[in-house]
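Enquirer: have a look at this prediction, sequence included:
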Amino acid sequence: MIKKNIFNQNFLLVSHYATYAMQDLLYGYLTENSARYIKKINFPLPELPFLKRIEIEENKNGKTMNKLSWISLVYPAPIAYLLHFLQFLWLGLTDNHLYEVVVAEDSLLALASLMLKKIGKVKNVVFYSHGLAGNRFDITIVNDLYIWMDKYVALQSDLNWLLSKKMVAVRLEQGVKSENIFWVPTALQLSKIKRSLTVKANSLVFLGTFNEMNGVLLLPDIMRDIKKTNPNITLDIIGDGPLKKELEAKIEKFHLSKAINLLGLQQFEDYKDSLTNHAIGIAPYKPSTNNLLQSTDPMKLRLYMAAGIPILTTKGFAFSKEVVENKLGFAVEYSSKAYGKQLQIVLKNRYLLDEIRKKALVYSKQFDQDNVFKKPLLKVLYEEK
């Protein structure tokens, strides 16, 4: 007999954590619905070590019960990852709770979860893949192990949740059964995001990590170009990352300190009400055929859509095609000239911006958390796999 209450369970959520992302979205959904017991474990991500320690949070029936932290490593990365693997196994072995579901957001932690399943600490393992990068690690043997492990845990896990539809073909080619594959895109609590129909702000916004993949160093060039025809334009940059010093130096070099506001690393609660006030959201992803961008679902774009912000991004990705085909914004070549030219065109057309905003607000409703999470949770909990 299928139970009706999917929240009357124990959940274990584990990830390598850089910033507010899928781990937080799922945790928010479960706590909002007063799940019986949830433990969230965040390991520091060696490539983006904003965390220096392991963070653990426990929640019971929608109320936070405990917050802990453990010492760990972030460098060197191979040793850090190995230590994280062993630390997660230890945390699982010494945990008094038995878990109906563990959701692991990378292959290393999914492998450890499968081991915990073997000894009866968890019943179901969900591998929530954010994509597969063929060149993630510089050391060949480590990269080969990463690719092998991705396939192994995909085949062994009870369910595969995929952030991007593009990963479906990869999983099928690996031999994963289609009935065990779910597209689980970025799922937002729309009720918590301010969503304005119109906006008069003459401002742009960028949300994300300061790295090469996100094209953050292109932002000062874009602003320098657009200010030639729109001297009052401003850009709010929300985030942090390894290229922060280079970004600051470029802003100073171009004399853009009054036009570009570096707001630092913020939590969702910090920007959820103000995001909608911007005219356009910029996502200048650097073109690549072999990184996570080809097989993921960027959270910033879903946030832009949810807030009703028209999007300007780079051509050549599945998500940029989605933006253009659904008339949610524009995709251009990866150059400051192309971005600046498109901004000049659309900023002059307030009617067009308002129309795109209306489309984005409607389109984003399909990514509300209940629409995204409920079905795959029912599948893992109550249906034969």
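Expert: All right, it came through fine. All values reported here derive from a predicted model rather than from experimental measurement.
Enquirer: residues near residue 253, how many?
Expert: Other residues near residue 253 come to 10 when the count uses other CB atoms under 10 Å. Using the backbone N, CA and C atoms, a C-beta is placed for each residue, glycine as well.
Enquirer: quick one: it and residue 204, what's the gap?
Expert: With the distance defined as CB to CB, to the nearest Å, residue 253 ends up 20 Å from residue 204.
Enquirer: any regions of the stretch 201-350 of the chain where pLDDT drops low?
Expert: 289-295 (pLDDT under 70).
Enquirer: which residues of it fall in helices?
Expert: Across the stretch 201-350 of the chain, reading from the start of the chain, the helices by DSSP state H, counting those that start in this stretch fall at 219-226, 244-253, 268-271, 299-306, 318-325, 336-347, 350-363.
Enquirer: distance to residue 156 for these - can I get that in JSON lines?
Expert: Conversion of those to JSON lines gives the following (distance: least, CB to CB, whole Å):
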{"stretch": "helix 219-226", "distance to residue 156": "42"}
{"stretch": "helix 244-253", "distance to residue 156": "39"}
{"stretch": "helix 268-271", "distance to residue 156": "33"}
{"stretch": "helix 299-306", "distance to residue 156": "27"}
{"stretch": "helix 318-325", "distance to residue 156": "27"}
{"stretch": "helix 336-347", "distance to residue 156": "44"}
{"stretch": "helix 350-363", "distance to residue 156": "36"}
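Enquirer: highest average neighbour count across those helices?
Expert: Per residue and on average, the most neighbours among the helices of the stretch 201-350 of the chain fall to helix 299-306, with a mean of 24 (mean count of other CB atoms under 10 Å).
Enquirer: could you say what helices and strands that helix packs with?
Expert: Using 3 or more CB pairs under 8 Å, 6 or more residues apart in numbering; DSSP states H and E as the contact definition, the elements that helix 299-306 packs against are strand 203-207, strand 280-283, strand 311-314, helix 350-363.
Enquirer: reformat those as JSON lines; add distance to residue 82.
Expert: As requested, these are exported to JSON lines (distance: least, CB to CB, whole Å):
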{"stretch": "strand 203-207", "distance to residue 82": "32"}
{"stretch": "strand 280-283", "distance to residue 82": "34"}
{"stretch": "strand 311-314", "distance to residue 82": "35"}
{"stretch": "helix 350-363", "distance to residue 82": "42"}
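Enquirer: which of the ones you listed sits closest to residue 81?
Expert: For those, proximity to residue 81 was assessed by CB to CB; strand 203-207 is nearest, at 27.2 Å.
Enquirer: what's the closest one in contact with?
Expert: 216, 219, 233-239, 271, 275, 277-284, 300, 303-304, 309, 343 (CB atoms under 8 Å, 6 or more residues apart in numbering).
Enquirer: any idea how far that strand is from the chain center?
Expert: Offset of strand 203-207 from its chain centre (CA atoms, centre = their mean, to the nearest Å): 17 Å.
Enquirer: what strands line up against that strand, and which way round?
Expert: Strand 203-207 has these partner strands in its sheet, going by DSSP bridges: strand 234-238 (parallel), strand 280-283 (parallel).
Enquirer: ok, and the closest non-adjacent residue to residue 54?
Expert: By the measure of CB to CB, 6 or more residues apart in numbering, the closest residue to residue 54 outside its immediate chain neighbours is residue 70, 4.0 Å from it.
Enquirer: I'm done for today, thanks for sticking with me.
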